[in-house]
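Colleague: got a predicted model here, sequence first, then my questions.
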Amino acid sequence: MSAPQVAFRTAAALLMGRDLRLALRRAGDSLLPLGFFLVITTLFPLALDPALSLLRDIAPAALWVGALLSSLLALDLLFRDDSQDGALEQLALCGQPFAGLLLAKTAVHWLLTGLPLVLMAPLAATALGAPYGAMPGILAALLLGTIALSLIGAVGAGLTLTLRRNGSLLALLVLPLAVPVLIFGARATALAIQGESLAAPLYLLGAMAVLSATLAPWALAAAVRIGLE
Amino acid sequence: MAWVWFHRFGSPPHFYRLARQLTPWFGWPAVLLCLAGLIGGLILAPPDYQQGEGFRIIYVHAPSAWLSMLVYVVMATSAAVGLIWHMKVAHAVAASCAVIGASFTALALVTGMLWGRPMWGTYWEWDPRLTSELLLLFLYLGYMGLRNAIDDVSRADRASAVLAIVGVINVPIIHYSVTWWNSLHQAPTVMKFGGPPTMPASMLVPLLLMLAGFTLYFGALLLTRARGEVLRRERNARWILEALDRA
């Protein structure tokens, strides 16, 4: 492998700029998971009783199951186009650290699908009866949780890269691994709604985000390389 | 030089011969230990003063639960060995582990539920240990699903190896998060598994015998399944004819 011509920082910035431009040209694609999230959270009041006291109890579950399923749905966007047109192979061959490039790609993916979900969450939370005082806690928990979910999901997407009709397999691979994020995220949200201190689950969510940002890129790079052969 | 044994272990004909020689050394002690454990546990041990005769399911439940976790670690370790040293035999061992591990996990779940019916009054309680066993079963199913979905054997080996390694890092995280989650949701169950922390020897010794017996049984099962897996993968190799002739 020849020595890289540009510094990794430049290469990663170029890659992120490219991914952002491509995604913004087809902004509708990135917004679909967000729409899915809002529809899912709307279904809970319709299926249950619209009494706000009841909705407040299930709001953490609705928000986090919605976020989990929507992040699962969004994973399709992460590698699909780049693996079809060969861009992913070029990234693997360009001599830059592949794990770092994939981390940059996942970061852009999170900016396009995770961050909008976090920003729209107060809307869904209000509809589910969460008080306004709970919003900072809900935002912080979802911010850390969606980072971890994007990274865990990316590994699953890398493993199922070349498989056709991989949707349900991807769910089976990713959802058990995402259980800790779901537990602590929902717990933090519940504490925020009750107006109590949510420091403990937030720390654990932060630890999970950091741990997955540290370890997931290596597994992701190995998985994608296997898929590209 | 010291690594010669390691490379010889990686050669399919050598592994096949070794596995065939070793299998009875695991199998027969397993049978004897399990028989002794069952007699000790089901007949000689006194009934528990709280749980009555119902506690005896522990002699199947605890070894299955122990193996469900041990098998995952064995699977991930051999998958990592296969991934790092490109050792085909290690991948075959990992592939053989999945079904065994999933079966022991299912057995632990079923016996746990059967025990829960008279003790908790319900088949399913969101007890942390039962819940993490259930998630472990999902991990095994995902592993088998991924392996099944990829046609090319070598690629299936390596992709599922990555998944097994990711899984083995996650198993403790999942276990502790489930424990933490449950302890916040409900008061500790009155009848914790196993009753009082100190078991009398008449109950403990059969349990230890069953644990050792189950573990050796897993060894024999794994060697047999791995032999079949090696045969299936090497079905076009010439050494198979010699090996089968000699058998």
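Modeller: Nice, I can see it.
Colleague: enumerate the residues of chain A near chain B.
Modeller: Applying C-beta under 8 Å from any C-beta of the partner chain, we find that chain A lies next to chain B at A:155, A:159-160, A:162-163, A:166, A:169, A:172-173, A:175-177, A:179-180, A:183-184, A:187, A:204, A:208, A:215, A:219, A:222-223, A:226-227, A:229. (C-beta placed from N, C-alpha, C; glycine too.)
Colleague: show me which of the residues you listed are buried.
Modeller: For these, a burial check counting by 16 or more other C-beta atoms under 10 Å in any protein chain shown picks out A:155, A:159-160, A:162-163, A:166, A:169, A:172-173, A:175-177, A:179-180, A:183-184, A:187, A:204, A:208, A:215, A:219, A:222-223, A:226-227.
Colleague: look up how far chain B lies from the spatially closest residue to A:Ala12 that is not a sequence neighbour.
Modeller: Spatially, and ignoring its direct neighbours in sequence, A:Ala12 is nearest to A:Ala104 (4.2 Å; C-beta to C-beta, 6 or more residues apart in numbering or on different chains). Distance, A:Ala104 to chain B, by C-beta to the nearest C-beta, to the nearest Å: 20 Å.
Colleague: one more: A:Ala59?
Modeller: A:Ala59 sits 16 Å away from chain B, going by C-beta to the nearest C-beta.
Colleague: so B:Asp157 sits right up against B:Ala95, yeah?
Modeller: Yes - with contact defined as C-beta atoms under 8 Å, B:Asp157 reaches B:Ala95; the gap is 7.2 Å.
Colleague: mean pLDDT per helix and strand in chain A: which one sits at the bottom?
Modeller: helix A:76-84 (a mean of 87; mean pLDDT, DSSP states H and E).
Colleague: which elements pack onto it?
Modeller: Under the contact definition 3 or more C-beta pairs under 8 Å, 6 or more residues apart in numbering or on different chains; DSSP states H and E, helix A:76-84 sits against helix A:27-47, helix A:87-93, helix A:98-109, helix A:135-159, helix A:199-228.
Colleague: interface residues of chain B facing chain A?
Modeller: Proximity of chain B to chain A, by C-beta under 8 Å from any C-beta, involves residues B:83, B:135, B:138-139, B:141-142, B:145-146, B:149-150, B:155, B:158-159, B:162-163, B:165-167, B:169-170, B:173-174, B:177-178, B:180-181, B:184.
Colleague: list the ones among those that fall in helices.
Modeller: B:83, B:135, B:138-139, B:141-142, B:145-146, B:149, B:155, B:158-159, B:162-163, B:165-167, B:169-170, B:173-174, B:177-178, B:180-181, B:184 (DSSP state H).
Colleague: so what touches stretch A:197-217?
Modeller: With C-beta atoms under 8 Å, 6 or more residues apart in numbering or on different chains as the test, stretch A:197-217 has contacts from A:99-100, A:102-103, A:106, A:137, A:140-141, A:144-145, A:147-148, A:151-152, A:154-155, A:180-181, A:184-185, A:187-188, A:191-192, B:169, B:173, B:177.
Colleague: which residues of the chain score low on pLDDT?
Modeller: Just so you know, I chose chain A. A:1-4 (pLDDT under 70).
Colleague: let me rephrase: I mean chain B.
Modeller: Applying pLDDT under 70 to chain B picks out residues B:1-2, B:183-198, B:247.
Colleague: just the helices in it please.
Modeller: Using DSSP H, helices in chain B cover B:4-9, B:12-39, B:58-85, B:88-120, B:128-149, B:153-185, B:201-233, B:239-246.
Colleague: turn these into JSON lines, columns for mean neighbour count and distance to A:Gly66.
Modeller: What follows is the helices of chain B, written out as JSON lines (neighbours: other C-beta atoms under 10 Å in any protein chain shown; distance: least, C-beta to C-beta, whole Å):
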{"stretch": "helix B:4-9", "mean neighbour count": "11", "distance to A:Gly66": "49"}
{"stretch": "helix B:12-39", "mean neighbour count": "16", "distance to A:Gly66": "48"}
{"stretch": "helix B:58-85", "mean neighbour count": "21", "distance to A:Gly66": "30"}
{"stretch": "helix B:88-120", "mean neighbour count": "21", "distance to A:Gly66": "28"}
{"stretch": "helix B:128-149", "mean neighbour count": "21", "distance to A:Gly66": "20"}
{"stretch": "helix B:153-185", "mean neighbour count": "20", "distance to A:Gly66": "19"}
{"stretch": "helix B:201-233", "mean neighbour count": "19", "distance to A:Gly66": "41"}
{"stretch": "helix B:239-246", "mean neighbour count": "12", "distance to A:Gly66": "54"}
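Colleague: out of those helices, flag the one nearest A:Leu38.
Modeller: helix B:153-185 (26.6 Å; C-beta to C-beta).
Colleague: now do the contacts for the spatially most central residue of chain A.
Modeller: The residue lying closest to the centre of chain A (C-alpha atoms, centre = their mean) is A:Ser150, at 2.9 Å. Neighbouring residues of A:Ser150 by C-beta under 8 Å, 6+ apart: A:71, A:106, A:109-110, A:113-114.
Colleague: with adjacent residues omitted, what lies nearest to it?
Modeller: Distances taken as C-beta to C-beta, 6+ apart put A:Trp110 closest to A:Ser150, at 4.3 Å, once the chain neighbours are dropped.
Colleague: that neighbour touches A:Ala148, doesn't it?
Modeller: No - under the criterion of C-beta under 8 Å, A:Trp110 makes no contact with A:Ala148, lying 10.0 Å away.
Colleague: more crowded one of those two?
Modeller: A:Ala148 (28 against 24; other C-beta atoms under 10 Å in any protein chain shown).
Colleague: so that one makes contact with A:Leu182?
Modeller: No - A:Ala148 is not in contact with A:Leu182 according to C-beta under 8 Å; the separation is 10.2 Å.
Colleague: overlap of the contact sets of these two?
Modeller: Residues touching both A:Ala148 and A:Leu182 (C-beta under 8 Å, 6+ apart): none.
Colleague: rewinding a little: what's the angle from the least confident helix or strand of chain A to helix A:135-159?
Modeller: With axes from the mean of the first three to the mean of the last three C-alpha atoms, to 10 degrees as the basis, helix A:76-84 and helix A:135-159 are set at 30 degrees to each other.
Colleague: buried residues in helix A:76-84?
Modeller: Quick answer for helix A:76-84 (16+ other C-beta under 10 Å): A:77-79, A:82-83.
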